[in-house]
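Undergrad: got a structure for you, letters missing:
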């Protein structure tokens, strides 16, 4: 980073401490005023810590690799095809799935905030929400991919999808060679979160 | 608004530095900022576009120096103060001063999972808004608009020409929804912009950007 790290950490550290205090004050105020049910807060957190995460998206991908009819449905009407597996709702109401091929590589960003398909991928990682990825993915996608260790042939077109509306995008990565005959669960095991954002590729390595 | 949140194309922010062992939340305050924001969103005192505008309204220098959940807690405080639900004095005192104002709904623990799974689509009925202005393949220009209020047309596409890739359907228009809760539903499209059109000679070869844009952001090219 092109700034004085120590100075920055110090400033941000005290600001963060201030934010922590204010958030704690907000919680007790909102509970005391009766606007929020404290037990509901716990369920909200638990849902995304335990139940809703990239394993959901991995199952969608594995099924699409395994069943051509499902894949066709997923690419035609992603919201319905994903809902058929029980993954629905907040921040994934209107889904689009983008298929990666040797000719076309898709990757997803939200330059304006951090829109992300929660029902299939859970909550986004910090790098997805931070300025470096949001700033450069649209202008220098190949160099961004290189930071994730991904190098694509020059002939592969890179399509970057900026999530500026309420449509939510998920990438259907390429199925790696050497996975013929694998079960859907085995396939789901190798599908990574980043491959469904488009900043990773799926590999068959054990 | 032309705030620090509109990051596309910016330089100098440093490496991306993904952390493979990152926890979902970095400490309890992030859990609280996240869950309080969702629970208060459910009370019906504001919509998602008003909530995004509240986060964007952070002073640009501060926005860039703070993290995602700091943006969220800032946005929540702004909305709570604006709606008269929690005052700055109450946050300072960490206890209620005035009586609670009534809210439309309160999210109960037993309803959380079903509420999240139900979600709330921004898609609206196509009847009554007329046919889509553009079809796939049409050339368009993103309008060069600079409202000080909420908008979802990023600076890096304003005034640039692209091609309609697909028609998504009719969706709530964020600019008016943020300003006055006027949904003004209209057609939404994915628009493809070539790298050269956006970044000139500094574009990478064989790269393009797709941006979701509404009728009110587009003119025929």
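TA: Structure's in. What do you need? This structure is a prediction, so every number in the text was calculated from the model and none was measured.
Undergrad: outside of stretch A:116-128, which residues touch it?
TA: For stretch A:116-128, contacts defined as C-beta atoms under 8 Å, 6 or more residues apart in numbering or on different chains pick out A:48, A:52-54, A:56-57, A:60, A:82, A:87-92, A:95, A:109-110, A:114, A:133, A:163, A:168-170, A:193, A:196-197, B:16-19, B:22, B:24, B:26, B:34, B:67-68, B:117, B:119. C-beta here means a position set from N, CA and C on the backbone, and glycine is covered the same way.
Undergrad: that should have said stretch A:171-179, apologies.
TA: Outside stretch A:171-179, the residues touching it (C-beta under 8 Å, 6+ apart) are A:61, A:64-65, A:71, A:74-75, A:97-102, A:106-108, A:186-187, A:190-191, A:195-198, A:200-204.
Undergrad: could you tell me whether residue A:102 really is in a helix?
TA: No - the assignment for residue A:102, made by DSSP: H, G, I helix; E, B strand; the rest coil, is coil rather than a helix.
Undergrad: let me see the contact set for residue B:1.
TA: B:53, B:56, B:57, B:147, B:148, B:149, B:150, B:151.
Undergrad: try it again with 7 Å
TA: By C-beta atoms under 7 Å, 6 or more residues apart in numbering or on different chains, the residues touching residue B:1 are B:56, B:147, B:148, B:149, B:150.
Undergrad: now, which of the contacts of stretch A:116-128 lie within strands?
TA: In this view, the contacts of stretch A:116-128 that belong to strands under DSSP state E are A:95, A:109, A:168, A:169, A:170.
Undergrad: setting aside sequence neighbours, what's the nearest residue to the residue sitting furthest away from the middle of chain B?
TA: Centroid-distance maximum for chain B: residue B:97 at 32.3 Å, with C-alpha atoms, centre = their mean. Closest residue to residue B:97 apart from its sequence neighbours, by C-beta to C-beta, 6 or more residues apart in numbering or on different chains: residue B:90 at 5.2 Å.
Undergrad: for residue A:52, same thing?
TA: In space, residue A:52 is closest to residue A:122, 5.3 Å off (C-beta to C-beta, 6+ apart).
Undergrad: likewise residue B:64?
TA: Spatial nearest neighbour of residue B:64, excluding adjacent residues (C-beta to C-beta, 6+ apart): residue B:4 at 5.2 Å.
Undergrad: state the helix or strand in which residue A:158 lies.
TA: Element membership of residue A:158, judged by DSSP states H and E, is strand A:157-162.
Undergrad: now do that strand: which elements does it pack against?
TA: Here strand A:157-162 touches strand A:104-109, helix A:141-147, strand B:207-214, going by 3 or more C-beta pairs under 7 Å, 6 or more residues apart in numbering or on different chains; DSSP states H and E.
Undergrad: parallel or antiparallel, list what pairs with the shortest one.
TA: Strand pairing for strand A:104-109, determined by DSSP bridges: strand A:157-162 (parallel).
Undergrad: and the longest strand for chain B?
TA: Of all the elements of type strand in chain B, the one with the most residues (DSSP E) is strand B:161-171.
Undergrad: please work out the average pLDDT along the helix or strand following that strand.
TA: As assigned by DSSP H and E, the chain's next helix or strand after strand B:161-171 is helix B:174-180. Mean per-residue pLDDT for helix B:174-180: 98.
Undergrad: show me which residues of helix B:174-180 are buried.
TA: B:174, B:175, B:176, B:177, B:178, B:179 (16 or more other C-beta atoms under 10 Å in any protein chain shown).
Undergrad: what's the answer for stretch B:125-139, then?
TA: Judged by neighbour count using 16+ other C-beta under 10 Å, the buried positions of stretch B:125-139 are B:132, B:133, B:134, B:138.
Undergrad: wait, does it contact chain A?
TA: No - Stretch B:125-139 does not reach chain A (C-beta under 7 Å from any C-beta of the partner chain); its nearest approach is 13.7 Å.
Undergrad: list of residues touching that stretch?
TA: Residues outside stretch B:125-139 that contact it (C-beta under 7 Å, 6+ apart) are B:140, B:161, B:163-167, B:169-170, B:185-187, B:189, B:215, B:218, B:221.
Undergrad: filter the buried residues of stretch B:125-139 down to the ones in strands?
TA: Using DSSP E, no member of the buried residues of stretch B:125-139 falls in strands.
Undergrad: identify, from those residues, the entry nearest to residue B:207.
TA: Among these, residue B:138 lies closest to residue B:207 (C-beta to C-beta), at 22.1 Å.
Undergrad: how close does the closest one sit to chain A?
TA: Counting by C-beta to the nearest C-beta, to the nearest Å, the separation of residue B:138 from chain A is 18 Å.
Undergrad: now the helices for chain A?
TA: Here chain A has its helices, by DSSP state H, at A:5-32, A:38-46, A:54-66, A:68-76, A:78-83, A:118-121, A:126-129, A:131-136, A:141-147, A:184-190, A:193-197.
Undergrad: out of these, deepest packed?
TA: Each of these was scored by mean neighbour count; the highest is helix A:118-121, a mean of 26, by mean count of other C-beta atoms under 10 Å in any protein chain shown.
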